Structures are given as C-alpha cells and as structure tokens.
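> Provide a 3D model corresponding to the input given below.
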Amino acid sequence: QVQLVESGGGLVQAGGSLRLSCAASGRTFNRNVMGWFRQAPGKEREFVTTISRTGGRTYYTDSVKGRFTISRDNVQNRVYLQMNSLKPEDTAVYYCAARTQAAETISIGEYEYNYWGQGTQVTVSS
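Numbering: from 1, shown residues only. Purely as a prediction, here's the structure:
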C-alpha cells in the first residue's frame, strides 16, 4: 500500500512559479515510476509528466515542455514538479501518481498507475 500526499499548490499570477511536492509512504519508492496529472474544471484528467525509478528518464506533455521540470529524491521518498512561466491554462487540480514495482521506464497512461494522491489546486490568474 502506498499513500501519496501532494502539497505546494496555490494561487499565482501568470508568469510566476510554483513547486509541487508529493510525499510517498512505503519502503519501495525507488521501484516506482512516478507521474503528475492534472484536471481542469469541466475537463478530463490529463497527463503532465513522468519520471523513471532512477530519475534517468523523464517525459512531458507538449504544453509544459520547457516550463515544467519533474524530479525525485529516492532518499526522502518525494517527487517534485517545478512549474515556471505559469499560464492561466495551467489552472487545474494536480495529482501525483505511482506505478509500483515497475521497471526502469516511464508511463504516460492513467491506467498504468495504481496509486493516486488526493490532488492539490493550482490557480493561475491572468
């Protein structure tokens, strides 16, 4: 069983930055592929970014490339999402997700993840 708790969301002006953090329980964090997803009001949840077990591989959806950076700390059992140059269209609830007992790979599909956090709200004002 893995518990994921996100933090760091809030209200920021366009062009600003936020850093999201996801704390994971369990002793096998370094075996998990981690991802961030988001859900805007009235829209389906969408993939944002993913990171492999070692952090050696990452992948981003096109709309955040060059602005967002995912990273992880396998000692602290945390995954981070640094978000720069935020835009109003980045407004959403952001979810951390874990795919446990994975190989050194990345995962883009929601169906690949078996644990989810409760989400943290990010609001970008224009």
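
> what kind of secondary structure is the residue nearest the centre of the chain in?
For the chain, Trp36 is the residue whose C-alpha lies nearest the centre (Cα atoms, centre = their mean; 2.3 Å). Put simply, Trp36 is strand when judged by DSSP: H, G, I helix; E, B strand; the rest coil.

> Could you pull out the strands in the protein for me?
4-7, 10-13, 18-24, 33-39, 46-51, 58-60, 68-73, 78-83, 92-99, 115-116, 120-125 (DSSP state E).

> Could you list every helix and strand in contact with the second one?
The helices and strands touching strand 10-13, judged by 3 or more Cβ pairs under 8 Å, 6 or more residues apart in numbering; DSSP states H and E, are strand 120-125. Any C-beta I mention is one placed from the backbone N, CA and C, and that applies to glycine too.

> what does the strand it packs on contact?
6-14, 16, 18, 20, 38, 83, 86-94 (Cβ atoms under 8 Å, 6 or more residues apart in numbering).

> Could I have the buried ones of those as PyMOL selection syntax?
To isolate the buried members of the contacts of strand 120-125 in PyMOL, using 16 or more other Cβ atoms under 10 Å:
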select buried, resi 6+8+9+12+18+20+38+83+86+90+91+92+93+94
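
> ok so, going back, would you convert the strands of the chain into a markdown table that also reports mean pLDDT and distance to Gly109?
As requested, these are exported to a markdown table (pLDDT from 0 to 100; distance: least, Cβ to Cβ, whole Å):
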| stretch | mean pLDDT | distance to Gly109 |
| --- | --- | --- |
| strand 4-7 | 98 | 18 |
| strand 10-13 | 98 | 28 |
| strand 18-24 | 98 | 19 |
| strand 33-39 | 98 | 9 |
| strand 46-51 | 98 | 7 |
| strand 58-60 | 98 | 12 |
| strand 68-73 | 98 | 16 |
| strand 78-83 | 98 | 18 |
| strand 92-99 | 98 | 10 |
| strand 115-116 | 98 | 13 |
| strand 120-125 | 98 | 22 |
